[in-house]
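Asker: Show me the folded form of this:
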Amino acid sequence: MNPYAFGVDIGGTSVKLGLFQTDGTLLEKWEIPTRTENGGEQVLPDIARSITGKLTEKNISAAQVEGIGIGVPGPVGADYTVYKCINLGWGVFNIKQQMNSLLPEIPNVAAGNDANVAALGELWMGGAKGHNSAVMFTLGTGVGGGVVMDQKIVAGTNGGAGEVGHMTINPAETVRCNCGKCGCLEQYASANGIVRMAKEMLKNCDKPSKLREIEHFTSKDICDLARDGEEMAMDIVDRCGHYLGLAMSYVSCTIDPDTFVIGGGMSRAGDIVTKPIQKYYKRYAFHVSTGANIAVATLGNDAGIYGCVKMIL
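Answerer: Numbers count the residues shown, from 1 in each chain. Just a heads-up that it's a prediction; the model follows:
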């Protein structure tokens, strides 16, 4: 195996790149802007130029590079066909073929959905290290997810595996999710979702809460008050944990992973978030799966570039 590899995590505003040793050591990371004008036609050429520049800077030959792994904010098929990335302006094309035309001297290119790739990174070198399979729930503006079984990403037929945020966990909901459905997990367990749920709960009960004194409270405010022992905030976080534990039990009945990883901004709250999830997961999961580990992600924004490298090894 060659000693070096590149991980590339493409976001809507910036592209994160990492130069790694193939033992998983991150040597250097940097960012370049994501130029989305004209259908994002310059995104891959910019990446190729940045990699070429780094090779020159570090006096590394292309022959010493094992490959390039790329995380994409959209569905990616098993043959590395990208099925539209709205945030980048991309249509349908084969990203491996494009990169091979731009950097033919590094033929080994792999690509995956960014959430799936982040899950792989956490399994390799992060919060799920030492486990064989993991499902990641990323609690940010929305709820993303990634599935890794036997150290390999599960992408699904259309690249849609791991869309855990759009599982219907409340069929009685009448408010629509951004995806167009009602009752999605994302409506209760994302940073925006827990705030929306909190506002509903505050409106429909008379419990005192310092949240009533904050004009525009955030998920962090809710978690901080829950950590301080405020009853109303604890009720809100408990309900969020209920929905997440229920969703994880659905997943465990399907693929029975040995660990779940909680990432995204809300994961920084630690056990305030994970304890309710564990309580309800154990209640709802099939008995053989109740021992699944529930861990907090540790790689942060670097999870994607780690997972990208793992894809090509």
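
Asker: ranges for the helices of this protein?
Answerer: Under the criterion DSSP state H, the chain carries helices at the ranges 37-40, 43-58, 95-102, 114-125, 186-189, 191-204, 219-227, 231-255, 271-284, 303-312.

Asker: In CSV: those helices, plus mean neighbour count, mean pLDDT and distance to Gly18.
Answerer: Backbone N, C-alpha and C define where each C-beta goes, glycine included. CSV is the format used below for those (neighbours: other Cβ atoms under 10 Å; pLDDT from 0 to 100; distance: least, Cβ to Cβ, whole Å):
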stretch, mean neighbour count, mean pLDDT, distance to Gly18
helix 37-40, 12, 94, 21
helix 43-58, 16, 98, 10
helix 95-102, 18, 98, 16
helix 114-125, 29, 94, 10
helix 186-189, 27, 96, 29
helix 191-204, 16, 94, 26
helix 219-227, 20, 96, 28
helix 231-255, 20, 96, 29
helix 271-284, 19, 96, 28
helix 303-312, 28, 97, 4
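
Asker: Could you dump these into TSV and include distance to Lys84?
Answerer: Output for the helices of the chain, formatted as TSV (distance: least, Cβ to Cβ, whole Å):
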stretch	distance to Lys84
helix 37-40	11
helix 43-58	14
helix 95-102	12
helix 114-125	14
helix 186-189	20
helix 191-204	23
helix 219-227	29
helix 231-255	25
helix 271-284	32
helix 303-312	19
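
Asker: can you tell which of the ones you listed is closest to Thr157?
Answerer: For the helices of the chain, proximity to Thr157 was assessed by Cβ to Cβ; helix 114-125 is nearest, at 14.1 Å.

Asker: Could you export that closest one as CSV, CA atoms only?
Answerer: The C-alpha trace of helix 114-125 is given here as CSV (Å, rounded to 0.1, in the frame of the first residue of the first chain):
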residue,chain,number,x,y,z
ASP,A,114,-21.2,12.8,3.2
ALA,A,115,-23.3,11.5,6.2
ASN,A,116,-22.4,7.9,5.3
VAL,A,117,-18.7,8.9,5.0
ALA,A,118,-18.8,10.6,8.4
ALA,A,119,-20.2,7.4,9.9
LEU,A,120,-17.4,5.4,8.4
GLY,A,121,-14.8,7.9,9.8
GLU,A,122,-16.3,7.6,13.3
LEU,A,123,-16.1,3.8,13.0
TRP,A,124,-12.5,3.9,11.8
MET,A,125,-11.0,6.5,14.1
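
Asker: Relative to Gln64, which of the helices of the chain is closest?
Answerer: Of all those, helix 43-58 comes closest under Cβ to Cβ, at 8.6 Å.

Asker: okay, the angle between the closest one and helix 95-102?
Answerer: Orientation check (axes from the mean of the first three to the mean of the last three Cα atoms, to 10 degrees): helix 43-58 against helix 95-102 gives 50 degrees.

Asker: From the chain's centroid, how far away is helix 43-58?
Answerer: Counting by Cα atoms, centre = their mean, to the nearest Å, helix 43-58 is centred 25 Å from the centre of its parent chain.

Asker: Show me what it is packed against.
Answerer: Contact here means 3 or more Cβ pairs under 8 Å, 6 or more residues apart in numbering; DSSP states H and E; on that basis helix 43-58 packs against strand 4-10, strand 14-21, strand 26-33, strand 65-72, helix 95-102.

Asker: Next, format those as a markdown table and append distance to Thr138.
Answerer: Listed next are the helices and strands packed on helix 43-58 as a markdown table, based on distance: least, Cβ to Cβ, whole Å:
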| stretch | distance to Thr138 |
| --- | --- |
| strand 4-10 | 13 |
| strand 14-21 | 15 |
| strand 26-33 | 20 |
| strand 65-72 | 13 |
| helix 95-102 | 22 |
